[in-house]
Every structure is written in structure tokens, then in C-alpha cells.
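Trainee: return atomic coordinates for the entry below.
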Amino acid sequence: MSMNWNISRRAMLRGTGAALALPLLDVMKPAGATAASTPPRRMVSLFHPNGVYPASWDCQGEGADYTLSETLQPLQPLKQDVSILSGLDNTGGKGHVGATSGFLTGLEMEGRVLGISMDQQIAQYIGGQTRFPSIVLGTEPPRQGGAGNLPISYANTVSWSSPTTRVSPEINPRVAFDRMFRTSEDSQRESQQRLSVVDLVLEDARRLKGRASRNDSHKIEEYLQSVRTVEKQIDNQLNPLPRSWNPPNQPELIRPDAGIPTERDVHVKLMLDLTLLALQTDTTRVATFMMAHGFSRCNFTFLGVDGDHHTISHHKNQASWTDSYTKVTQWYVSQLAYLLKGMKAVDEGGSSLLDNSIVLYGSGLKDGNGHKRSDLPLVLAGHGGGSLKPGRRIVFAPGTPMPNLHLSLMRRFGIQQETFGAGNGTLENL
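Mentor: Prediction:
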């Protein structure tokens with residue numbers, strides 16, 4: 001067979017209404033060219049709601065000489081790939097809503113204005129290298145109503161693209177799949193139509209801004225930023241960027257069934273599978289997954305647990321409730337382990353996807369009973385392309401703000417700002 005022919009590095013495997021990135025092949029290399037050999041760094045954020053029961057979460061020991069707690073036992077096979085972080089405080093607002101909105105922003109909401117979240121700041125910095133700057137997934141529909149001084153709707157997401165713009169998680173597996181991988185002619189035509197609408201909206205909004213008051217002008221500019229994000233995503237679909245990294249693996253592409261699964265465990269695993277697929281194919285390098293709403297009342301009868309998660313989080317130290325609380329948290333940790341094992345199994349040419357990723361997992365509350373926000377339950381996984389040293393329990397000084405962790409991780413993606421959120425610096429020894 002003659003090898004005197006080439007195909008584009010942007011060539012894709014195409015199926016019925018979908019496309020998948022090819023691995024790097026010899027026929028993609030122009031004569032004399034060499035392929036980029038360094039896999040990119042990825043950022044994954046996983047949020048679970050309602051806190052944990054501290055007595056079953058907290059580990060004994062420090063550094064490499066520590067013992068995983070009861071709740072964290074699902075991570076035992078991955079112990080050398082994770083670090084348990086202790087001593088970091090949520091600097092967001094009070095209660096379930098404030099703790100959720102502050103998880104990745106590090107800020108307390110003022111006048112319903114917050115701040116850009118860590119994941120979206122990283123996405124805005126590196127997102128131009130992939131089809132989607134980021135993906136934000138979830139499992140529960142948005143909620144309305146009151147929760148103290150803040151509407152429950154502010155616990156719908158942990159991702160903010162600006163101080164006034166929330167990024168709503170996609171909870172439908174098939175819709176998420178189609179947005180990331182569908183490239184049929186119908187999809188291309190729909191994107192062309194959407195782009196035309198976006199152009200009209202931008203033109204009208206700019207015209208209105210020229211006549212508006214200063215306050216309205218600011219609101220319109222925030223709106224324009226949201227529209228520009230949509231515009232960029234559509235343009236990336238119609239005109240894919242030259243690939244800076246070619247995944248050396250070909251994952252199986254299976255379109256999820258229509259609708260939202262009724263079984264919670266099935267739904268969560270589907271969204272984790274989609275997260276892995278998006279990272280493996282370099283569809284995005286920033287992924288955020290809300291495993292449940294920040295004020296979640298999901299039930300876990302499949303675990304033999306009575307009562308909804310929010311209710312049992314206010315356990316009043318009753319053994320029957322703390323046992324259930326621990327069982328639910330351990331199940332969430334097992335979902336983290338499921339994703340990490342999948343990432344570790346992806347070979348990227350001598351290193352794994354997990355080797356080249358940073359995975360932050362945790363809750364915005366330490367304990368739902370009393371809404372405690374100090375010493376958050378956090379796991380930092382992956383090797384970050386050599387920028388992290390996992391396999392330890394890292395204990396920080398009491399009162400250390402979690403935004404210092406945010407900034408430390410942002411620095412690993414080249415973002416060099418001095419502070420983030422309500423933090424005061426960076427963390428050593430990660």
C-alpha cells in the first residue's frame with residue numbers, strides 16, 4: 001500500500017449524525033513534520049451537595065503516611081493518584097445556596113452579583129484551543145423558591161462566566177452528547193441558522209446600547225458577553241480550529257437513549273461517561289459536573305436509605321441519620337473513583353489522561369448539620385501533567401481560604417493574576 005498520501009489532522013470518523021476525533025496517524029503528518037508529543041492539561045471540577053458527616057470523612061495521619069477514612073474507602077485503589085485536602089474554608093455565603101455559589105467563585109454574593117468561577121476563568125484562558133471552551137453537566141433540573149436571603153435558583157450551578165452570568169448545567173445525556181458530537185447536515189444547517197440569529201441579536205443589542213442609560217448599558221454588555229459565547233461555540237462547530245493535540249485513542253461513540261434516566265445511579269454514570277468522552281477526544285479541556293443540585297433533596301432508596309439527602313444532612317447527630325448520610329457520601333465518592341479509573345485507563349502516549357489532568361472534588365459545606373463551611377471535604381486528584389504530587393493528606397493552617405487553592409490551580413494553566421475571590425495568595429506543597 002502506498003503511503004504517499006495524507007489526510008488532514010482535522011479528519012474525523014463520521015457516523016449517523018456524529019463525528020469523533022481520530023487518533024494521530026502517520027498519514028496525517030506532512031513530510032518532515034513532527035507531531036506534538038505533550039498531551040494538554042485538563043481541569044475537572046466535581047461538586048456534591050449537602051456536606052458530609054465529619055466523623056466518617058476525616059482521615060488519620062498526614063503526608064504519605066495516612067489512612068483513608070470510612071467514607072473515602074472507594075479511593076483506596078487510587079490512593080497514589082489522590083490527595084486529601086484539609087483545613088480549607090469556603091469563603092462564599094451562608095447556607096446551602098451560598099456555599100454552592102461560592103464553591104468555585106470563592107465569593108459571597110452581594111446584590112445578586114458574584115464573580116467568575118475558577119472553571120470558567122480557566123476556560124476563557126485556554127478554551128480557544130478546543131471545540132468547546134468548557135462543558136458544564138448536571139443531573140437535577142433548576143429549582144426556584146426561597147432559601148434564606150438568596151433564591152434557591154442560585155444553587156442551580158457552581159459555574160459563573162461573569163459576576164452576573166450563571167452557566168446552567170445540561171442534565172439530559174442525549175442533548176449533551178449531540179451538542180458535543182453531532183455534525184450531521186441537519187446540525188450544520190441548524191448552526192448556520194442559529195449563527196444568523198445571533199448576528200441579528202448582536203447588531204440590535206449594540207444599537208440599543210448606544211441609546212441606553214449607564215446602568216442598562218452595563219446589563220446589555222453582560223448580555224452581549226453571553227451571546228458572544230454562543231456565537232463562538234457555533235463558529236467552532238462550523239469552522240473547527242486546527243487541532244493542537246490529537247488523541248492517540250479511539251473511544252467507542254455510543255449515543256445515549258432519549259430522555260433523562262429515572263434511576264439516579266444510571267444518570268450519574270452516564271454524565272460521567274460523557275465527561276470522560278469529551279476529555280478523551282479533546283472536545284474540551286475544562287469540565288464541570290454538578291452531581292446534584294446544591295439544595296438537593298434526591299432520595300437514595302437504591303442504597304437502602306430513607307429520607308431525602310438534604311433532610312438527612314441535618315442529622316442532629318442521630319446515629320440512624322448519620323449512617324445514612326455517610327452511605328450517601330460514600331456513594332458519591334465511589335462515582336469519583338469510577339471517573340478516575342476511567343481516566344487512568346486512557347493512554348495518551350506513555351501517560352494517562354489522569355496523569356495529565358487536575359480533578360477537584362468536594363462539597364461547599366463540611367457538615368450540613370449547622371451549615372459548617374470550615375475545613376471543607378475536598379479531594380484533589382490527578383498529576384496535572386507533573387504539576388501535582390498526589391498520594392498524600394495535605395493539612396493546611398485552619399482558616400486558609402479555598403480561593404487560594406483555586407488560584408494555585410489556575411496558575412497551572414498559565415493564569416498569573418495575584419488573587420482570586422476572597423483569597424489572599426496561593427498554596428504551596430500541592
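Trainee: let me see the ranges of the strands in the stretch 101-250 of the chain.
Mentor: Per DSSP state E, counting those that start in this stretch, the stretch 101-250 of the chain carries strands over the ranges 135-137, 146-147, 150-151, 160-162, 165-166.
Trainee: now the longest strand belonging to the chain: mean pLDDT?
Mentor: Determined from DSSP state E, the single longest strand within the chain is strand 392-401. Across strand 392-401, the average pLDDT comes to 97.
Trainee: contact partners of the helix or strand following that strand?
Mentor: As assigned by DSSP states H and E, the chain's next helix or strand after strand 392-401 is helix 403-411. The contact list for helix 403-411 (Cβ atoms under 8 Å, 6 or more residues apart in numbering) reads 43, 85, 88, 91, 104, 106-107, 118, 121-122, 358, 360, 378, 380, 417, 419-427, 430. No exception for glycine: its C-beta is placed from N, CA and C like everyone else's.
Trainee: out of those, which are buried?
Mentor: For those, a burial check counting by 16 or more other Cβ atoms under 10 Å picks out 43, 85, 88, 91, 104, 106-107, 118, 121-122, 358, 360, 378, 380, 420-423, 426-427, 430.
Trainee: which of these fall in helices?
Mentor: Counting by DSSP state H, the part of the buried ones among the contacts of helix 403-411 found in helices is M118, Q121, I122.
Trainee: would you map the strands across the stretch 251-400 of the chain?
Mentor: With strands called from DSSP E, counting those that start in this stretch, the stretch 251-400 of the chain shows them at 286-290, 357-362, 378-381, 392-401.
Trainee: between the longest one and helix 403-411, what angle do the directions make?
Mentor: Calculated by axes from the mean of the first three to the mean of the last three Cα atoms, to 10 degrees, strand 392-401 forms an angle of 120 degrees with helix 403-411.
Trainee: what packs against strand 392-401?
Mentor: Contact analysis of strand 392-401 by 3 or more Cβ pairs under 8 Å, 6 or more residues apart in numbering; DSSP states H and E lists strand 60-62, strand 82-89 as its packing neighbours.
Trainee: one step back: can you tell me which of the ones in helices among the buried ones among the contacts of helix 403-411 is nearest F295?
Mentor: M118 (21.3 Å; Cβ to Cβ).
Trainee: low-confidence stretches in the stretch 1-150 of the chain?
Mentor: 1-37, 146-149 (pLDDT under 70).
Trainee: what about the helices in it?
Mentor: With DSSP state H, counting those that start in this stretch as the criterion, the stretch 1-150 of the chain has helices at 54-57, 95-101, 118-126.
Trainee: that older thread, quick one, which of the strands of the stretch 251-400 of the chain is nearest to G350?
Mentor: strand 357-362 (15.3 Å).
Trainee: what's the separation between S45 and Q76?
Mentor: 23 Å (Cβ to Cβ, to the nearest Å).
Trainee: looking at these two, which is more packed in?
Mentor: Ranked by neighbour count (other Cβ atoms under 10 Å), S45 and Q76 place S45 first, with 26 against 11.
Trainee: give me every residue that touches D119.
Mentor: Shown in contact with D119 (Cβ under 8 Å, 6+ apart): M43, S45, L104, S134, V136, V158, S159, V286, T288.
Trainee: so who does the first one touch?
Mentor: With contacts defined as Cβ under 8 Å, 6+ apart, M43 is in contact with D119, I122, R285, V286, A287, S357, I358, L360, L409, F413.
Trainee: try it again with 6 Å
Mentor: The contact partners of M43, by Cβ atoms under 6 Å, 6 or more residues apart in numbering, come to I122, V286, I358.
Trainee: the first one against V286, yeah?
Mentor: Yes - counting by Cβ atoms under 6 Å, a contact exists between I122 and V286, whose distance comes to 5.4 Å.
Trainee: rewinding a little: take the helices of the stretch 1-150 of the chain and write them to TSV, including distance to L72.
Mentor: As requested, the helices of the stretch 1-150 of the chain are exported to TSV (distance: least, Cβ to Cβ, whole Å):
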stretch	distance to L72
helix 54-57	7
helix 95-101	21
helix 118-126	23
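Trainee: let me know which of the strands of the stretch 101-250 of the chain is the nearest to F181.
Mentor: Among the strands of the stretch 101-250 of the chain, strand 135-137 comes nearest to F181, with 11.5 Å by Cβ to Cβ.
Trainee: now the closest one: how far from the chain's centre is it?
Mentor: Relative to its chain's centre, strand 135-137 lies at 6 Å (Cα atoms, centre = their mean, to the nearest Å).
Trainee: for that strand, packing partners?
Mentor: For strand 135-137, the elements it packs on are strand 286-290, judged by 3 or more Cβ pairs under 6 Å, 6 or more residues apart in numbering; DSSP states H and E.
Trainee: let's see 10 Å
Mentor: If contacts are counted by 3 or more Cβ pairs under 10 Å, 6 or more residues apart in numbering; DSSP states H and E, strand 135-137 sits against helix 118-126, helix 173-181, helix 264-280, strand 286-290.
Trainee: pull out the buried positions in the third one.
Mentor: By neighbour count with 16+ other Cβ under 10 Å, helix 264-280 contains the buried residues 264, 267-280.
Trainee: which one among the residues you listed gets closest to R393?
Mentor: The closest of these, once distances to R393 are taken by Cβ to Cβ, is L272, at 24.9 Å.
Trainee: how much space between the closest one and A176?
Mentor: Taking Cβ to Cβ, one finds L272 at 12 Å from A176.
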